[in-house]
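Enquirer: Could you work out the structure for the sequence below:
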Amino acid sequence: MNKYGIRTTIRHPSKNRKAMKELMERNRKANLLMQRFRLHRPNEVRLTDVTYLDYGDDLRAYGSASVDPVTGRLVCFIVSENNDLQLALDTLEAMDSYPAKSGAILHSDQGLLYMTDDFQAAVVERKLQQSMSRRGNCWDNAVQESFFGHFKDECHYEKCETLEELQKCIDEYSYYYNNERGMWDRGRMTPTEYEKYLEGMTDAEFSEYLAVEENRYEEMKRQSAENAHKAAKEYREFTEKSIGGKDNETGGSFKEVQV
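Expert: Reported below is the predicted structural model:
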């Protein structure tokens, strides 16, 4: 059919799908962060993402939040009945209440909402650099994902009966999270305290802090590579065993399943 230019009325090209693909290719952004979450000064990075929130009597809302990965501060957390462009734009507006520095990185996944022209124009208007995770790599936005995990473990929002009650519950948790909840990996300081701690450093002290964090980052990469290698080796050994070994005793072919 392709060779002779034959077209069918049963399966014809989708204009919407084509437009969507063009939008994603045009507006996809590079990963400027590369998991270097804490190798910055406070308010030089903003993460964002959306999660679903089931509450009340079989109700579902969508929560959109932003976290500063350096200090751990929850910058904003708003809810909506719809996971749409307006929620993404409202999140940017909510972030204005605790603005990032000019030129700061705004990092998200490759969600469609973050690729729209309207959202990207609003990012540029705020003098932010937009960054996106690699496709299908949740680790590139791990700090934001981790926050949602802690929130769902610690906040009993499911008891709320209305969207307004849900937002109030989240606002109360946000205050607790920023001002009362100490973090083990930040010297048991709250995000508010840790931000003051970092901002009070001299340039020399901050350079020493960055050196420590850089070492932790390199160790994390080394450990991740080691774990990946171990998993690949275990998978290879399991595959060899399941098809009868390297020498193909049972007729299998390991060459077909090389890692």
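Enquirer: And this protein, what are its domain boundaries?
Expert: Per the record, the chain has its domains at 27-200, 208-257, by automatic domain parsing.
Enquirer: Distance from the shortest one to the middle of the chain?
Expert: Average the C-alpha atoms of domain 208-257, do the same for its chain, and the two points are 25 Å apart (Cα atoms, centre = their mean, to the nearest Å).
Enquirer: With stretch 132-140 instead?
Expert: The chain centroid and the centroid of stretch 132-140 are separated by 7 Å under Cα atoms, centre = their mean.
Enquirer: repeat for stretch 109-119
Expert: Distance, centroid of stretch 109-119 to centroid of chain: 13 Å (Cα atoms, centre = their mean).
Enquirer: following the helix or strand of the chain with the lowest mean pLDDT, which helix or strand comes up?
Expert: Least confident element among the helices and strands of the chain, by mean pLDDT, DSSP states H and E: helix 15-27 (a mean of 79). Remark: after helix 15-27, the chain's next helix or strand is strand 45-55, criterion DSSP states H and E.
Enquirer: in terms of contact count, name the helices or strands touching that following strand.
Expert: Helices and strands touching strand 45-55, by 3 or more Cβ pairs under 8 Å, 6 or more residues apart in numbering; DSSP states H and E, are strand 59-67, helix 85-95, strand 105-108, helix 142-154. The way it works is simple: take the backbone N, C-alpha and C, and place the C-beta from them, glycine included.
Enquirer: Spatially nearest residue to residue 210, not counting backbone neighbours?
Expert: Counting by Cβ to Cβ, 6 or more residues apart in numbering, residue 39 is the residue found nearest to residue 210 once chain neighbours are left out, at 6.2 Å.
Enquirer: got any ranges where the stretch 1-150 of the chain has weak pLDDT?
Expert: 11-13 (pLDDT under 70).
Enquirer: how about a cut-off of 90?
Expert: Within the stretch 1-150 of the chain, the stretches with pLDDT under 90 are 1-26, 135-138.
Enquirer: And for the stretch 151-259 of the chain?
Expert: Residues of the stretch 151-259 of the chain meeting the criterion pLDDT under 90: 216, 220-221, 223-259.
Enquirer: burial of the residue nearest to residue 210, as a residue count?
Expert: 18 (other Cβ atoms under 10 Å).
Enquirer: got the contact list for it?
Expert: Counting by Cβ atoms under 8 Å, 6 or more residues apart in numbering, residue 39 makes contact with 210, 213-214, 217.
Enquirer: how near is it to residue 190?
Expert: 21 Å (Cβ to Cβ, to the nearest Å).
Enquirer: next one: residue 234
Expert: From residue 234 across to residue 190, the span is 40 Å (Cβ to Cβ).
Enquirer: what about these two, which has more around it?
Expert: The residue with more neighbours, out of residue 234 and residue 190, is residue 190; 20 against 10, by other Cβ under 10 Å.
Enquirer: list the contacts for that one?
Expert: By Cβ under 8 Å, 6+ apart, the residues touching residue 190 are 178-183.
Enquirer: I am finished for the moment; much appreciated.
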